[in-house]
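Novice: Please find the sequence and the predicted model below.
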Amino acid sequence: MSNSDSPVVGALRQVVADSYALMGQTHLCHWNVRGPEFFALHTAFEEQYTELFTAVDEIAERVRALGALAPGGLGNLAKASSISELAEDSNAVDMVAHLAKANELVVASLSKARDLAGDAGDAGDSESEDLCIARIQVHQKTIWMLKSFLGH
């Protein structure tokens with residue numbers, strides 16, 4: 001089996017697609033948020049999509065380090081992602097709820113990749129496992145913040 005066929009690589013490619021979709025949805029919310037919460041959410045969304053841009057690059061480069069090609073192209077990434085798109089005219093509360101759910105989907109993708117990396121071969125793939133664990137922590141904090149805004 002070549003590295004591009006490994007379950008870890010497949011799972012990491014899914015994380016790239018889902019993370020990229022989340023980044024795009026977060027950017028959409030940053031641009032279109034309106035209402036009394038505008039300033040706080042506009043700033044929070046910018047911090048989130050900026051952090052995601054760096055993260056997507058790091059995950060894609062991990063795929064490359066494993067000897068496979070990183071996924072790319074908006075159409076390909078959108079097709080591969082499990083994250084739905086939010087309507088441009090959504091209100092602030094719907095935006096926050098959507099992004100909380102999207103972050104949960106990314107955590108699910110990361111958890112799968114983490115578990116596969118931990119089980120990979122005799123020695124496992126602790127580098128990919130560690131990357132996924134760190135990313136899960138970031139997304140869990142984001143979910144907590146978004147849900148706190150919603151009063152959950």
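Specialist: Arrived safely. Small disclaimer: the values here were computed from a predicted structure and weren't measured.
Novice: What does the pLDDT read for Ser4?
Specialist: pLDDT for Ser4: 64.
Novice: the helices in this structure, which residues?
Specialist: Secondary structure of the chain by DSSP state H: the helices cover 7-32, 38-65, 74-80, 92-119, 126-149.
Novice: Can you name every helix or strand that the worst-scoring helix or strand of the chain on mean pLDDT contacts?
Specialist: Least confident helix or strand, the chain: helix 74-80 with a mean of 94, by mean pLDDT, DSSP states H and E. Using 3 or more CB pairs under 8 Å, 6 or more residues apart in numbering; DSSP states H and E, the elements in contact with helix 74-80 are helix 7-32. Using the backbone N, CA and C atoms, a C-beta is placed for each residue, glycine as well.
Novice: Stretch 66-73: which residues count as buried?
Specialist: Buried positions in stretch 66-73, judged by neighbour count with 16 or more other CB atoms under 10 Å: 66, 68, 70-71.
Novice: Include mean neighbour count and distance to Leu86 when you put the helices of the chain into TSV, please.
Specialist: Below are these laid out as TSV (neighbours: other CB atoms under 10 Å; distance: least, CB to CB, whole Å):
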stretch	mean neighbour count	distance to Leu86
helix 7-32	22	6
helix 38-65	17	12
helix 74-80	13	13
helix 92-119	20	5
helix 126-149	17	13
